[in-house]
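Novice: What follows is a protein structure lacking sequence information:
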């Protein structure tokens, strides 16, 4: 027996699509953090990666400026390409930071070390938030058109629809919260991964976060001593 239309929650219905403001702000924040990081933690040439990322973001803003509801293959490719570049830049920074901590070649300035570690950790949070947001149920545009009924992430509002607004549907801030709590607690909190790729992604993010926190703090304490 199929659900009546009135009984179907908003996250399983066609919607107008979410605003792109939050996701755009997150991407801009990542580009700024990349530019702020010392050159030793950035892929070279240092200006090229942020420039390409900014160009791809402008393309997305021009093509789909307000609501994320336009389903076209080329837009999906550009969006995933932007997320991929941000991910590669973050991985590069993580590798350089961790290798420098292990071989002892990093600066002995604890404030610079902690600042760089926090910036890389924040980029790790945001890039995984973008990944969760881009792939859950096919991405924001597919969610707006209710293409996939089965979620990759089970939010509390899905489990207790009677305790939330009937118009609720997951948006970028929900995925940012998921990524932040997973990075801070090293495990799921109130959002459960349902698909295998979601579990693998959350496991990878927790592992990166744990390594960064342990090595950066240990090195900073050692320098202070």
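Specialist: Okay, I see it. Please read these numbers as outputs of a predicted model, since none were measured by experiment.
Novice: List of residues touching stretch 72-91?
Specialist: 27, 30, 34, 42-43, 49, 52-53, 56-57, 59-60, 63-64, 120, 123-124, 126-127, 130-131, 134, 139, 141 (C-beta atoms under 8 Å, 6 or more residues apart in numbering). (Glycine included, C-beta is placed from N, CA and C.)
Novice: and if we set it to 6 Å?
Specialist: Contacts to stretch 72-91, defined as C-beta atoms under 6 Å, 6 or more residues apart in numbering, come from residues 30, 34, 43, 49, 53, 56, 59-60, 63, 123-124, 127, 130, 134.
Novice: biggest separation within those, which pair?
Specialist: Across the contacts of stretch 72-91, no pair lies farther apart than 63 and 124, at 28.1 Å, counting by C-beta to C-beta.
Novice: Comparing the two, which residue is more hemmed in?
Specialist: Between residue 63 and residue 124, residue 124 has the larger neighbour count (other C-beta atoms under 10 Å), namely 22 against 13.
Novice: Would you check how far apart the closest residue to residue 123 other than its chain neighbours and residue 125 are?
Specialist: For residue 123, ignoring the flanking residues on the chain, the nearest one in space by C-beta to C-beta, 6 or more residues apart in numbering is residue 90 at 4.7 Å. Look at residue 90 and residue 125: by C-beta to C-beta, to the nearest Å, they are 10 Å apart.
Novice: which residues touch residue 170?
Specialist: residue 155.
Novice: give me the low-pLDDT residue ranges for the protein?
Specialist: For the chain, the stretches flagged by pLDDT under 70 are 1-7, 104-110, 217, 220-225.
Novice: hmm, 50 instead?
Specialist: Residue ranges of the chain with pLDDT under 50: 1-2.
Novice: what about the helices in it?
Specialist: Per DSSP state H, the chain carries helices over the ranges 21-36, 48-63, 73-103, 110-135, 140-144, 156-159, 172-185, 196-224.
Novice: Now do the contacts for the residue sitting nearest the centre point of the chain.
Specialist: Of all residues in the chain, the one closest to the mean position by C-alpha atoms, centre = their mean is residue 129, 2.1 Å from it. By C-beta under 6 Å, 6+ apart, residue 129 lies in contact with 175-176, 179.
Novice: And residue 78, how close does it get to residue 52?
Specialist: 11 Å.
Novice: And for residue 136?
Specialist: To residue 52, residue 136 is 25 Å away according to C-beta to C-beta.
Novice: quick one, which of those two is more surrounded?
Specialist: The residue with more neighbours, out of residue 136 and residue 52, is residue 136; 25 against 14, by other C-beta under 10 Å.
Novice: Report the contact partners of the more buried one.
Specialist: Under the criterion of C-beta under 6 Å, 6+ apart, the neighbours of residue 136 are 152-153.
Novice: With the one 10 residues further on instead?
Specialist: Each residue near residue 146 by C-beta under 6 Å, 6+ apart is listed here: 12-14.
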